[in-house]
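> my questions concern the predicted model and sequence given below.
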Amino acid sequence: MRLALFEPDIPQNAGTILRMAACFGVSVDIIEPCGFVFGERQMRRAGMDYLEHVALSKHASWAEFTESRANQDSRLILLTTQAEDIYSNFRFDSNDILIVGRESAGAPEYVHEAVDARLRIPMAPEMRSLNVAMSAAVVLGEALRQTSGFPK
């Protein structure tokens, strides 16, 4: 199981996601450009000393990330409010990559078109979205539960 952050633009969220990934032993892909200087103080504060324990791969662009996956047997699963399918009804695989979009704009259409599945978290009708770090945590928790992927 991996997490991918598409052009993250809030350092505190990136730090929180990296900390969670370290705790769960999940690798992370950062797809640049970031909307902040990677390693910014806010990101380090949110990630604390956990950041040194994350298996992290940085990709200069979407094209570079896509190329890095060329020989991998993995599905790319987008978490988005625009999906029809609910995450808890989805059957995850241990090789899946969960990808989240930018906090300010989500994922562009070309990312939506490139993924293998799009999933949403059900919310009250009047609510727009959850924080990206919270969304990643909710879906990653279910994916790890289904695949028995939590650390022992």
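Cool, got the structure. Residues are numbered from 1 along each chain as shown.
> can you list the weak-confidence ranges in this protein?
39-48 (pLDDT under 70).
> what segments of it are strands?
Using DSSP state E, the strands of the chain run over 2-6, 27-31, 56-59, 76-79, 85-86, 97-100, 117-120.
> okay, the ones you listed in JSON lines with mean neighbour count next?
Any C-beta I mention is one placed from the backbone N, CA and C, and that applies to glycine too. Formatted as JSON lines, the strands of the chain follow (neighbours: other Cβ atoms under 10 Å):
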{"stretch": "strand 2-6", "mean neighbour count": "23"}
{"stretch": "strand 27-31", "mean neighbour count": "20"}
{"stretch": "strand 56-59", "mean neighbour count": "15"}
{"stretch": "strand 76-79", "mean neighbour count": "24"}
{"stretch": "strand 85-86", "mean neighbour count": "12"}
{"stretch": "strand 97-100", "mean neighbour count": "23"}
{"stretch": "strand 117-120", "mean neighbour count": "20"}
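> including distance to Ala137, could the ones you listed go into a markdown table?
What follows is the strands of the chain, written out as a markdown table (distance: least, Cβ to Cβ, whole Å):
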| stretch | distance to Ala137 |
| --- | --- |
| strand 2-6 | 10 |
| strand 27-31 | 13 |
| strand 56-59 | 18 |
| strand 76-79 | 11 |
| strand 85-86 | 16 |
| strand 97-100 | 11 |
| strand 117-120 | 14 |
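> alright, I will stop here.
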